[in-house]
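**Student:** take this sequence and fold it.
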Amino acid sequence: MQDAAWLNRRYYGGDLPADAERALHAAGLAWHDAAAAEGHILDALALAPGHLAVHLGAYRFYFYRHRLAEALPHARTCLADALRRSQLPADWRDVRADDAAFSALEPGPRLVLFALLATGYVLARLGREAESRAVLDKVAELDPEDRMSARRLLAILDRGGQEED
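**Tutor:** Numbering: from 1, shown residues only. Presented below is the predicted three-dimensional model:
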């Protein structure tokens, strides 16, 4: 069976328990069945509760299902993990542009930017504009070339959530 090989493949460098990785893959296979897919996500979270890949998978599941309130804690967990892995201050507000090579888009700093952007975007979609603005302002500060498009999101907030014509 082709699905069995796909389910058993290893992407995460071996530090994610095989059963948790299999659960993430199973969630992808079951995407069309939201309840089954969510069950696999919950299994992965139970099997590897502190693993970045599991929280990233949960964030993506809830985000793409438009269940933003449930996506937010996973975005925040990804951010906390990214900060720790990059040896940056635990509070994102204390991170400075010269703390890491943010403009070089190295994997660690890029993950920090992605997790900040994800957090800010979800907060905006939840109507928590002041919190969103603070997070997106931080992304803009750390990413002066705006590769993550935080300034575009801030401009949308400035227009009351409306895209440009």
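**Student:** export stretch 30-47 to PDB, keeping only CA atoms.
**Tutor:** Written as PDB, here are the backbone C-alpha positions of stretch 30-47 (Å, rounded to 0.1, in the frame of the first residue of the first chain):
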ATOM      1  CA  ALA A  30      -7.400  12.600   6.300                       C
ATOM      2  CA  TRP A  31      -7.600  16.400   5.500                       C
ATOM      3  CA  HIS A  32     -11.000  15.900   3.800                       C
ATOM      4  CA  ASP A  33     -12.500  14.600   7.100                       C
ATOM      5  CA  ALA A  34     -11.900  17.400   9.600                       C
ATOM      6  CA  ALA A  35     -12.800  15.300  12.700                       C
ATOM      7  CA  ALA A  36     -10.400  12.500  11.700                       C
ATOM      8  CA  ALA A  37      -7.700  14.900  10.800                       C
ATOM      9  CA  GLU A  38      -8.100  16.700  14.100                       C
ATOM     10  CA  GLY A  39      -8.000  13.400  15.900                       C
ATOM     11  CA  HIS A  40      -4.600  12.700  14.400                       C
ATOM     12  CA  ILE A  41      -3.400  16.200  15.300                       C
ATOM     13  CA  LEU A  42      -4.500  15.600  18.900                       C
ATOM     14  CA  ASP A  43      -2.700  12.200  18.900                       C
ATOM     15  CA  ALA A  44       0.500  13.900  17.700                       C
ATOM     16  CA  LEU A  45       0.200  16.500  20.400                       C
ATOM     17  CA  ALA A  46      -0.300  13.800  23.100                       C
ATOM     18  CA  LEU A  47       2.700  11.800  21.800                       C
END
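**Student:** pLDDT on it, on average?
**Tutor:** For stretch 30-47, mean pLDDT is 97.
**Student:** buried ones in it?
**Tutor:** Going by neighbour count (16 or more other C-beta atoms under 10 Å), the buried part of stretch 30-47 is 30, 37-38, 40-41, 43-45, 47. For every residue, glycine as well, the C-beta is placed using N, CA and C.
**Student:** what sits up against that stretch?
**Tutor:** The contact list for stretch 30-47, computed with C-beta atoms under 8 Å, 6 or more residues apart in numbering, reads 17, 19-21, 23-24, 26-28, 54-55, 57-58, 61, 65.
**Student:** what segments of this structure are helices?
**Tutor:** Along the chain, the stretches classed as helices by DSSP state H are 2-8, 18-29, 34-47, 52-64, 68-85, 107-125, 129-142, 150-158.
**Student:** JSON lines for those helices, including distance to Asp99?
**Tutor:** Below are the helices of the chain laid out as JSON lines (distance: least, C-beta to C-beta, whole Å):
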{"stretch": "helix 2-8", "distance to Asp99": "39"}
{"stretch": "helix 18-29", "distance to Asp99": "31"}
{"stretch": "helix 34-47", "distance to Asp99": "30"}
{"stretch": "helix 52-64", "distance to Asp99": "20"}
{"stretch": "helix 68-85", "distance to Asp99": "10"}
{"stretch": "helix 107-125", "distance to Asp99": "9"}
{"stretch": "helix 129-142", "distance to Asp99": "8"}
{"stretch": "helix 150-158", "distance to Asp99": "17"}
